[in-house]
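**Student:** Give me a 3D structure for the following:
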Amino acid sequence: MVQALAAIRHWAPRQWGITGAVTVVAVVVVAIPTDLLPNPLFRRDVPPQWWAWPALLVSSLLMGLLTATYVASPSAAESAETAARPVRHGTAAGLLTFFAVGCPVCNKIVLMALGYAGAISFFEPVQPFLQLLAIALLMWALRARLTAQTQCRPKRPQPTT
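**Tutor:** Predicted coordinates:
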């Protein structure tokens, strides 16, 4: 964890800009179709849970931080597999967040699989756990990326005299 925080301290302003931009985009991309942000295109049949907005904001910030780790090119020492695993976990976490904060009966996949009663009685109680899993995946992916940045930091060439 200390290595991960050390990597963030060395971020360029561009990485912080990407963090902010991706955080805002993630909030909008999830909040509009889940109708957390009221809009004429989508509607909810079930009001959002009290934790939906805080969970969406935390997930979106973690998505922004994770995306910013890809702004600086990974060093040559970092393997392709090490770089790819956090991407898969980040993508899965984004989908979990979408399902977690969404309306349980507005999700066509859940509705077809469980029906209205099943969505309310089985899927709705599971949504907070989906969100916790999403946050855990994002934190794992972010820690892996930041740790790799500190371990694989290229050495600067020494000036010749």
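**Student:** Return the per-residue confidence for the closest residue to residue 20 other than its chain neighbours.
**Tutor:** With C-beta to C-beta, 6 or more residues apart in numbering as the criterion, residue 20 has its nearest non-adjacent residue at 6.6 Å, and that residue is residue 64. The C-beta positions use only the backbone N, C-alpha and C, and glycine is treated the same way. Residue 64 carries a pLDDT score of 95 in this model.
**Student:** Over to residue 12?
**Tutor:** pLDDT, the model's per-residue confidence, is 87 for residue 12.
**Student:** burial count for it?
**Tutor:** Around residue 12 there are 11 other residues, counting by other C-beta atoms under 10 Å.
**Student:** quick one: it and residue 19, what's the gap?
**Tutor:** 11 Å (C-beta to C-beta, to the nearest Å).
**Student:** can you check residue 122 too?
**Tutor:** For residue 122, the distance to residue 19 (C-beta to C-beta) stands at 36 Å.
**Student:** Neighbour count for these two, which is higher?
**Tutor:** The neighbour comparison of residue 122 against residue 19 (other C-beta under 10 Å) goes to residue 19, with 22 against 14.
**Student:** give me the element residue 92 is part of.
**Tutor:** Here residue 92 sits within helix 80-101, counting by DSSP states H and E.
**Student:** Which SSE is immediately downstream of that helix?
**Tutor:** Heading C-terminal from helix 80-101 (DSSP H and E), you reach helix 108-118.
**Student:** what residues does that next one touch?
**Tutor:** 99, 104, 105, 119, 122, 123 (C-beta atoms under 8 Å, 6 or more residues apart in numbering).
**Student:** From these, keep the buried residues only.
**Tutor:** Buried members of the contacts of helix 108-118, counted by 16 or more other C-beta atoms under 10 Å: 99, 104, 105, 119, 123.
**Student:** Quick check: the farthest pair among those?
**Tutor:** Across the buried ones among the contacts of helix 108-118, no pair lies farther apart than 99 and 105, at 12.6 Å, counting by C-beta to C-beta.
**Student:** shared neighbours, these two?
**Tutor:** Counting by C-beta under 8 Å, 6+ apart, residue 99 and residue 105 have no contacts in common.
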